[in-house]
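Visitor: can you look at this prediction? I've put the sequence above it.
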Amino acid sequence: MNTPSELKYAASHEWLSPDGTVGISDFAQDQLGDVVYVELPEVGREVTAGDTIAVVESVKTASDIYAPASGTITAVNEELSGSPEKVNESPYENGWLFKMDVTEVGADLMDAEQYAETAE
């Protein structure tokens with residue numbers, strides 16, 4: 001399982017980069033299976049950590065995505081509308097979901113080592 005050390009992780013398997021980029025972890029995409037659709041939030045939406053903000057659908061199930069921090073959505077990964085499989089192929093690079101201007105990081109975020117222990 002790939003868990004980049006510079007990211008913070010939620011127990012619900014979202015990751016947050018220092019620049020406010022958000023996606024789902026390698027573990028999460030593996031558990032979901034082949035991603036076939038991604039519903040992304042609206043740019044400009046204000047969210048609170050823990051809010052349901054997006055949906056990732058796979059051949060197995062649909063999974064809610066929760067905001068790992070509070071702030072405002074500043075961008076979404078438009079490439080996912082035509083190529084949702086990027087979430088599986090590259091969850092930390094090309095498969096990111098959205099970017100946000102973070103005002104407050106969720107209190108329960110874990111570092112990579114803590115997350116790896118819980119996701120096993």
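Guide: Looks like it arrived, so ask away. Numbering: from 1, shown residues only.

Visitor: need the phi and psi values for D26.
Guide: Here is the backbone geometry of D26 (degrees, to the nearest 10): phi -60, psi -40.

Visitor: from H13, how far out is it?
Guide: 9 Å (Cβ to Cβ, to the nearest Å). All C-beta atoms are positioned from the backbone trio N, CA, C, and that covers glycine.

Visitor: and what of V43?
Guide: Separation of V43 from H13 (Cβ to Cβ): 23 Å.

Visitor: who's more crowded, these two?
Guide: When V43 and H13 are compared on other Cβ atoms under 10 Å, the one with more neighbours turns out to be H13, at 23 against 13.

Visitor: how far away is that one from D101?
Guide: Shown here: H13 relative to D101, a distance of 22 Å by Cβ to Cβ.

Visitor: which residues in this structure form helices?
Guide: Ranges of helices within the chain are 26-32, 86-89, 112-118, based on DSSP state H.

Visitor: using a markdown table, please lay out the ones you listed together with mean neighbour count.
Guide: As requested, these are exported to a markdown table (neighbours: other Cβ atoms under 10 Å):
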| stretch | mean neighbour count |
| --- | --- |
| helix 26-32 | 19 |
| helix 86-89 | 18 |
| helix 112-118 | 14 |
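
Visitor: reformat those helices as JSON lines; add mean pLDDT and distance to S58.
Guide: Compiled in JSON lines, the helices of the chain are given as follows (pLDDT from 0 to 100; distance: least, Cβ to Cβ, whole Å):
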{"stretch": "helix 26-32", "mean pLDDT": "94", "distance to S58": "4"}
{"stretch": "helix 86-89", "mean pLDDT": "96", "distance to S58": "9"}
{"stretch": "helix 112-118", "mean pLDDT": "92", "distance to S58": "21"}
